[in-house]
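In: sequence and computational prediction follow.
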Amino acid sequence: MQKKNYSYIGIALIILVFGIIFVPKIVDKVQKGETVEKDRMNIVGAERNTKLMYLKIDGKARRVPDFLFINQDSLEISNQDFNGKVTVMEFFFTTCPTICPVMNSNMRTLDEEFHGRDDFAIASFTIDPKTDTPKVLKEYAERYGVKSLNWHFLTGDLEEIHKLSNTGFNIFTGINPAVAGGFEHQGYFALIDKNGFIRSRRDKHGNPKIYYQGTDIEEVEMLKQDIKNLLEEE
């Protein structure tokens, strides 16, 4: 029994010494954000070194479906106009009172980051084309300070646009009079490579992330890095 008591005393002393020496240092690092920041940078660094995946359905890489709409300058724009460009695509509407202002403020940071590049573009499809005429989209673009000629705000047939989102991208959009603005949609940004394929990074489990949350600053930063990676691809 006496030996057991000595063992307990020894263990207690070790714990006490550890607490006195190491715990304050750990707490100090956490308070300064060093531990969290290092862990985050390790994760981000690992993901940056991961080759971007193709979105595959039934073993076949998914391309952006064919489309033809009108942009804010009343010009016809099709999927072919984005060939040879890394493109970010989204679905929104100008009178959206919830996530769209955040999404397009974040999208503007992408436009600013890659401004002046002929091999980068943005396509913003309105899900409320009845309201969002080319004139309305032009005013909306000006309000957000859009200067790039390669950021297209697109309008057209309502059914075709919703088919593109729900079937082409599997990004939900729908009419719902019960919600603010009368429409509901997911706030995703889709990353498209120069050949029209949908691309994404892997998540922590090794599965494709598929899309990037347009309201999340960290995910937008991930997207910036992934755009750079695709721009460097041959």
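Out: On my side now, so go ahead.
In: please count neighbours and contacts with C-alpha atoms only from this point.
Out: Noted.
In: report how many residues lie close to Thr109.
Out: 14 (other CA atoms under 10 Å).
In: outside of the one helix or strand it maps to, which residues touch it?
Out: Here Thr109 is covered by helix 100-113, with elements defined by DSSP states H and E. Contacts of helix 100-113 from elsewhere in the structure, counted by CA atoms under 8 Å, 6 or more residues apart in numbering, are 92-94, 122, 144, 146, 148, 151, 187, 214-215, 217, 220, 224.
In: so what's the gap between it and the chain middle?
Out: Centroid displacement of helix 100-113 relative to its chain, using CA atoms, centre = their mean, to the nearest Å, is 10 Å.
In: let's see that helix as CSV, backbone CA atoms only.
Out: Output of helix 100-113 as CSV, limited to C-alpha atoms (Å, rounded to 0.1, in the frame of the first residue of the first chain):
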residue,chain,number,x,y,z
CYS,A,100,-26.9,38.2,-52.5
PRO,A,101,-25.3,41.5,-51.2
VAL,A,102,-22.8,39.5,-49.3
MET,A,103,-22.1,37.1,-52.2
ASN,A,104,-21.5,39.9,-54.7
SER,A,105,-19.4,41.9,-52.3
ASN,A,106,-17.2,38.9,-52.0
MET,A,107,-17.4,38.3,-55.7
ARG,A,108,-16.1,41.8,-56.3
THR,A,109,-13.0,40.9,-54.4
LEU,A,110,-12.4,38.2,-57.0
ASP,A,111,-13.0,40.6,-59.7
GLU,A,112,-10.5,43.0,-58.2
GLU,A,113,-7.9,40.2,-57.6
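In: where does the prediction get shaky in this protein?
Out: Along the chain, the parts satisfying pLDDT under 70 run over 1-50.
In: residue ranges for the strands of it, please.
Out: Using DSSP state E, the strands of the chain run over residues 53-54, 56-57, 60-61, 68-70, 76-78, 86-92, 120-126, 151-154, 173-175, 183-185, 188-192, 198-200, 212-213.
In: any chance of the ones you listed in TSV, plus distance to Lys138 and mean neighbour count?
Out: Shown next, in TSV, are the strands of the chain (distance: least, CA to CA, whole Å; neighbours: other CA atoms under 10 Å):
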stretch	distance to Lys138	mean neighbour count
strand 53-54	33	18
strand 56-57	35	12
strand 60-61	34	11
strand 68-70	11	18
strand 76-78	14	16
strand 86-92	14	24
strand 120-126	12	24
strand 151-154	8	26
strand 173-175	22	16
strand 183-185	21	19
strand 188-192	21	24
strand 198-200	27	25
strand 212-213	25	18
